[in-house]
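A.B. asks: The sequence isn't on hand, but the structure is:
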């Protein structure tokens, strides 16, 4: 049993000497108390020597791990001064002050970095204690204003561990209910299982008062009880009163005091030391099995990672060559998986990436951008009318001119360049992100990573240019010849009859049956504001080709509302302080209420990808984005002029015919474009990049002629390897103890 505390000390030393930040909590005793509560005096009484710094304000500014070891000679050792024995305890005091100032500065700063001090003496029992800074509320010198919170956080990191016993030091001449030490101990140990109360300054209590009820555990009960001690007064310390004499005076005080003489054997420094030795020994015995299990688990977890480092020689050329080949092979596999989506290892569960993101760009973002670029209906009809008139010239046109159709269609086809090039830019951006992600595993060799990333990115940029040229050619092909014999083109006869039927019936052409397009959660942002409650609320939305419905949740039992989509449009919104994520609104262009008394329905999604997908779905349902015009609003006079000019019924029929023809032909062209552009991108850029990485990347790296320098290990990686090896050896040595 007596060997348990030395075992813990050796384990503590193993982790400290190897410079390992041990995340396994070793059993120990933390000393907690307010400033001038007598913590330092209690510790000095154990040793029987003055060795702790004293003064006003915060004196203990770094945790002091104090290992008391019973031995034949009396001296001290610091772990930061290996091999040096301090025979004079005043030199120990000076070394503590110097080491504290070295880390924290000389002007009352604090630090979490502990000082390890081992004291050998024939007058001590084996105990390990941690002296923590005294609790304070006001900043002094260059201390930060939140010094009190910093000290509290530091103390809590120690005393919240289940393996830590708490020595709560409280002056008896203050109200126990206001004790900072007991209050913190109760936060960390609500049941009081790990807390030992220490009462100081009993000799300074007012006459006629005593701490008998506290010591008998009647006021604030603790499972491990209270121990009372009497330390030297400030006068005794200044007068260099011997601690042995002070201990004798302490014994005499308890024996002679009428309130304490019946419990004198359970009071004083000697009893406290024995009690702590016994409590710590029992505590270690209880926690040792679980501690061993933790060490074994940690060592097993490290074994796989350490295996590759055991015989590692960073300057061996053969190892460098092998490492380079392995790195490139892993990069090839990771890039393939990122694009093709094969394999379950390292799947991103937070957002779309790689091939999935490119797929969404092709089938949701690109079609949305094509629809968004379409010009306003009124502007289009106006252009058609001007084209028809200008083609007829001075003559009165009896027939609808096909040249007007060709002129308008060419303008519309030319506008496809912008969304097509934007799609390429977005795919390049995503490919660059994939390359950056897959080369992260090369961070052990930063120069290799940098060179590989540069070579692949340069190749993608070259292919981007070829891809853009091919897409421009695709648009030029469409402009070169108008295939009005296409099987899906309605032709002049059908266009005229369709426009006549539409005029007679007043019905919309091409009505789609009501089918569900998309389901999912979105938040409504403006309803809560109108009701006087801030923020947004999420609902389950179901979008069909005719309506938008929302429910309380995904079970679709409690429908909140169904909104017809007739004549509605959507526009982007900027996120407000009460909204979350990315926002857009549904509204009626004529200013009518959309939902109850609301002019708009403001919706938001948490991710940009979700918003893009919803907007693409609204396109399929016929809800188009707001048209952006740079000319500004049309004046009333101009509108009146337009109305006067458009009264010719024959011209109106011709405009409607051309409009139907343009609509029919542009559907053919945009369908072809939506099909061909992704294929061009995949063939010329994505697949080509994969082939380059699989077949030519290694040769390109070797052609630089600097492969040995490329395989220089990063300083961080070397540090990580050494840290891992130290941790492994520390666990192994600790288990051997």
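C.D. replies: Arrived safely. Bear in mind the structure is a predicted one, so any value in this text is a computation, not a measurement. Numbering: from 1, shown residues only.
A.B. asks: for the stretch 1-150 of the chain, what are the low-confidence residue spans?
C.D. replies: 1-5, 7-26, 55-58, 106-108, 140-143 (pLDDT under 70).
A.B. asks: In it, mark out all the strands, start to finish.
C.D. replies: For the stretch 1-150 of the chain, the strands defined by DSSP state E, counting those that start in this stretch cover 28-33, 64-70, 75-78, 85-86, 115-121, 127-131.
A.B. asks: And the first one, what does it pack against?
C.D. replies: To tie it back to what came earlier, the one meant is strand 28-33. helix 39-47, strand 127-131, helix 147-159, strand 164-171, helix 180-188, helix 269-307 (3 or more CB pairs under 8 Å, 6 or more residues apart in numbering; DSSP states H and E). Every residue, glycine included, has its C-beta placed from N, CA and C.
A.B. asks: which one of the ones you listed has the most crowded surroundings?
C.D. replies: Highest mean neighbour count of these: strand 164-171, a mean of 25 (counted as mean count of other CB atoms under 10 Å).
A.B. asks: and that one, what's its mean pLDDT?
C.D. replies: The pLDDT scores in strand 164-171 average 91.
A.B. asks: who are the neighbours of it, in terms of helices and strands?
C.D. replies: Checking 3+ CB pairs under 8 Å, 6+ apart, strand 164-171 ends up next to strand 28-33, helix 180-188, strand 195-200, helix 269-307.
A.B. asks: what separates the second one from the chain centre, distance-wise?
C.D. replies: Per CA atoms, centre = their mean, to the nearest Å, the displacement of helix 180-188 from the mean C-alpha position of its chain is 32 Å.
A.B. asks: related to what we said a few turns ago, to residue 609, which of the helices and strands packed on strand 164-171 lies closest?
C.D. replies: helix 269-307 (34.8 Å; CB to CB).
A.B. asks: Report all helices and strands that the following helix or strand past the closest one contacts.
C.D. replies: Next in sequence after helix 269-307, counting helices and strands by DSSP states H and E, comes helix 317-340. In terms of contacts (3+ CB pairs under 8 Å, 6+ apart), helix 317-340 is packed against helix 355-360, helix 417-438, helix 446-480, helix 687-695, helix 697-703, helix 707-710.
A.B. asks: returning to that earlier point: which stretch among the helices and strands packed on strand 28-33 approaches residue 573 most closely?
C.D. replies: That would be helix 147-159 among these, by CB to CB, at 40.2 Å.
A.B. asks: picking that back up, out of the strands of the stretch 1-150 of the chain, which one sits most buried?
C.D. replies: Comparing those on average neighbours, where mean count of other CB under 10 Å defines a contact, strand 28-33 leads with a mean of 26.
A.B. asks: Paired strands for it, with orientation please.
C.D. replies: Paired strands of strand 28-33, with direction, are strand 127-131 (parallel), strand 164-171 (parallel) (DSSP bridges).
A.B. asks: burial measure for residue 371, as a count.
C.D. replies: 16 (other CB atoms under 10 Å).
A.B. asks: so where does it fall, helix or strand?
C.D. replies: Using DSSP H and E, residue 371 falls in helix 366-372.
A.B. asks: who touches that helix?
C.D. replies: Residues from elsewhere that reach helix 366-372, judged by CB atoms under 8 Å, 6 or more residues apart in numbering: 416, 418-420, 422-423, 612, 615-616, 619, 624-625, 670, 673-674, 677-678.
A.B. asks: for the helices and strands packed on strand 28-33, which one sits closest to residue 696?
C.D. replies: Of all the helices and strands packed on strand 28-33, helix 269-307 comes closest under CB to CB, at 32.6 Å.
A.B. asks: tilt between the closest one and strand 164-171?
C.D. replies: Angular relation of helix 269-307 and strand 164-171 on a 0 to 180 degree scale: 150 degrees, by axes from the mean of the first three to the mean of the last three CA atoms, to 10 degrees.
A.B. asks: what angle sits between helix 269-307 and strand 64-70?
C.D. replies: Interaxial angle, helix 269-307 versus strand 64-70 (the same axes, to 10 degrees): 110 degrees.
A.B. asks: Helix 269-307 to helix 39-47, inter-axis angle?
C.D. replies: 100 degrees.
A.B. asks: lowest confidence element among the helices and strands of the chain?
C.D. replies: helix 636-645 (a mean of 44; mean pLDDT, DSSP states H and E).
A.B. asks: isn't there a strand covering residue 221?
C.D. replies: No - per DSSP: H, G, I helix; E, B strand; the rest coil, residue 221 lies outside any strand segment and is coil.
A.B. asks: so it makes contact with residue 192?
C.D. replies: Yes - contact criterion CB atoms under 8 Å: residue 221 and residue 192 qualify, at 7.0 Å.
A.B. asks: of those two, who's got more company?
C.D. replies: Higher neighbour count among residue 221 and residue 192: residue 192, with 18 against 12, using other CB under 10 Å.
A.B. asks: Please report the distance of the more buried one from residue 224.
C.D. replies: 8 Å (CB to CB, to the nearest Å).
A.B. asks: picking that back up, worst average pLDDT in the helices and strands packed on helix 317-340?
C.D. replies: helix 707-710 (a mean of 72).
A.B. asks: counting contacts, what elements does it pack onto?
C.D. replies: Secondary elements touching helix 707-710 (3+ CB pairs under 8 Å, 6+ apart): helix 317-340, helix 446-480.
A.B. asks: Let me see the mean pLDDT of stretch 293-303.
C.D. replies: Mean predicted confidence for stretch 293-303 is 74.
A.B. asks: Would you reformat the helices and strands packed on strand 164-171 as TSV and include distance to residue 252?
C.D. replies: Formatted as TSV, the helices and strands packed on strand 164-171 follow (distance: least, CB to CB, whole Å):
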stretch	distance to residue 252
strand 28-33	25
helix 180-188	27
strand 195-200	17
helix 269-307	13
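A.B. asks: Which among the ones you listed is found nearest to residue 598?
C.D. replies: Of the helices and strands packed on strand 164-171, the one closest to residue 598 (CB to CB) turns out to be helix 180-188, at 49.0 Å.
A.B. asks: Give me the helices and strands touching the closest one, please.
C.D. replies: Helix 180-188 packs on strand 28-33, helix 147-159, strand 164-171, strand 195-200, going by 3+ CB pairs under 8 Å, 6+ apart.
A.B. asks: next one: the helix holding residue 371 to chain centre, how far?
C.D. replies: Distance, centroid of helix 366-372 to centroid of chain: 33 Å (CA atoms, centre = their mean).
A.B. asks: so after that helix, what's the next helix or strand?
C.D. replies: Note on helix 366-372: by DSSP H and E, the next helix or strand toward the C-terminus is helix 377-392.
A.B. asks: And the contacts of stretch 404-413?
C.D. replies: Outside stretch 404-413, the residues that touch it by CB under 8 Å, 6+ apart are 374, 380, 383-384, 387-388, 391, 475, 478-479, 482, 654, 658, 661-662, 665-666, 669.
A.B. asks: mean confidence score for that stretch?
C.D. replies: Stretch 404-413 comes out at a mean pLDDT of 82.
A.B. asks: still on that earlier bit, okay if I get the helices and strands packed on helix 707-710 as CSV plus distance to residue 702?
C.D. replies: Listed next are the helices and strands packed on helix 707-710 as CSV, based on distance: least, CB to CB, whole Å:
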stretch, distance to residue 702
helix 317-340, 9
helix 446-480, 11
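A.B. asks: now those in TSV, with mean neighbour count?
C.D. replies: Shown next, in TSV, are the helices and strands packed on helix 707-710 (neighbours: other CB atoms under 10 Å):
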stretch	mean neighbour count
helix 317-340	17
helix 446-480	17
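A.B. asks: Of those helices, which is nearest residue 159?
C.D. replies: It is, among these and with distance given as CB to CB, helix 446-480, at 41.6 Å.
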